[in-house]
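Chemist: what's the 3D shape of this:
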Amino acid sequence: MDIVEQLRQKARSKQKTIILPEYNDKRVVEAAKIIEKEQIAKVIFLTPDKVDPQTKQRYIQEYYNLRKAKGVILDDVKALFDEDTLYYGAMMVRDGKADGFVAGACHTTPEMARAAIHCLDLDERFTIACSCFIMAVPDCAYGDHGNFVFADCGIIPEPNSRQLACISVATAEMAAKVLGLKPRVALLSYSTKGSAKARSMEKIQEALGMIKEMAPDLLVDGELQVDAAIVPEVAKIKYPDSPIGGQANILIFPDLDAGNIGYKLVQRLGKARAIGPLILGLNKPCSDLSRGCIADDVVDCVAVTAIRAQ
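Modeler: You can find the predicted model right below:
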């Protein structure tokens, strides 16, 4: 059974309610039909007729109360809720009316991330939101039978040491819960254990120390070039003492440029299935979508979001 079917089956085993607010996108419409047919989750396909006017006014006021200290104006909040059903759906999750939401087919990642962060709040352990992709690479001997998790590929442009540490721990926790794998985390670089000298190497070393404090049992190493991280034969040459021994299944990129470029290269050239970006670091689960997604991508993100809510 491939990873996609495993995820759908796991989501099916304990159904959760997931909101799809992008009611006017054909791919989302098609995905909703597949999800319902395969009983992957209970879907709230959030068309305007399902928006209760009284509840909407309550959500507008609640959102304004959450954000007014940041200088948000009430009229601007009303405009957000009138524009489409994205913010209403996010507030439904906050309100406990659903377990998670998936959007991004016709919203940019910054738009989706703002709705998620502002409505669902940050996990106090991390105090940042980040993102990751589950990457299923066919005919691949590396990672976990060709399965990897890449982070951060969508939100934090230039993470500092603490942010890198939080990205690593949040991603490892997601991978263990959703994929059931033992995380082996590599902090990636163009250097392997001091083969080059730069401030970015120091940042990774600082992050490594923080990770070991946050999650002492997590198997993690860095800084590592990607071949030393995922190819055991190369690891033996470049850094034979590495605790992950060239068997990393979670790859933490040093910045957003590298992460976004990396996942798209693997997706397009390696014909990998890319599931995400999954938004991490919040109190409730949700997932972004690539605006170039297909219906199956929406289904996969709903499945993962449902599992995270179990």
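
Chemist: Would you mind listing the buried residues in the worst-scoring helix or strand of the chain on mean pLDDT?
Modeler: Lowest on mean pLDDT, DSSP states H and E among the helices and strands of the chain sits helix 199-214, with a mean of 88. Of all the residues in helix 199-214, those buried under the rule 16 or more other C-beta atoms under 10 Å are 200-201, 203-205, 207-208, 210-211, 214. (Each C-beta comes from the backbone N, C-alpha and C, glycine too.)

Chemist: With distance to C153 added, can I get the residues you listed in a markdown table?
Modeler: Putting the buried residues of helix 199-214 into a markdown table (distance: C-beta to C-beta, whole Å) gives the following:
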| residue | distance to C153 |
| --- | --- |
| S200 | 18 |
| M201 | 21 |
| K203 | 18 |
| I204 | 17 |
| Q205 | 23 |
| A207 | 17 |
| L208 | 20 |
| M210 | 21 |
| I211 | 19 |
| M214 | 21 |
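
Chemist: and which of those is nearest to A272?
Modeler: For the buried residues of helix 199-214, the minimum distance to A272 (C-beta to C-beta) is 25.0 Å, reached by I204.

Chemist: neighbours around the nearest residue to that closest one once chain neighbours are set aside, how many?
Modeler: Computed as C-beta to C-beta, 6 or more residues apart in numbering, the closest residue to I204 that is not its neighbour in sequence is E223, at 4.2 Å. Residue neighbour count, defined by other C-beta atoms under 10 Å, stands at 28 for E223.

Chemist: and E223, what does it touch?
Modeler: Under the criterion of C-beta atoms under 8 Å, 6 or more residues apart in numbering, the contact partners of E223 comprise 187-189, 191-193, 200-201, 204-205.

Chemist: Make a markdown table out of those residues and add distance to I155.
Modeler: Below are these laid out as a markdown table (distance: C-beta to C-beta, whole Å):
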| residue | distance to I155 |
| --- | --- |
| L187 | 17 |
| L188 | 17 |
| S189 | 20 |
| S191 | 25 |
| T192 | 27 |
| K193 | 28 |
| S200 | 19 |
| M201 | 23 |
| I204 | 19 |
| Q205 | 23 |
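
Chemist: sorry, back to before: got the CA positions of the least confident helix or strand of the chain in CSV?
Modeler: Included here for helix 199-214 are C-alpha records, laid out as CSV according to Å, rounded to 0.1, in the frame of the first residue of the first chain:
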residue,chain,number,x,y,z
ARG,A,199,27.6,32.6,10.0
SER,A,200,24.9,30.2,8.6
MET,A,201,26.9,27.2,10.0
GLU,A,202,26.9,28.8,13.5
LYS,A,203,23.2,29.4,13.3
ILE,A,204,22.6,25.7,12.5
GLN,A,205,24.9,24.6,15.4
GLU,A,206,22.9,26.9,17.7
ALA,A,207,19.7,25.4,16.4
LEU,A,208,21.0,21.9,17.0
GLY,A,209,21.7,22.7,20.7
MET,A,210,18.2,24.1,21.1
ILE,A,211,16.6,21.1,19.5
LYS,A,212,18.4,18.8,21.9
GLU,A,213,17.0,20.8,24.8
MET,A,214,13.4,20.9,23.4
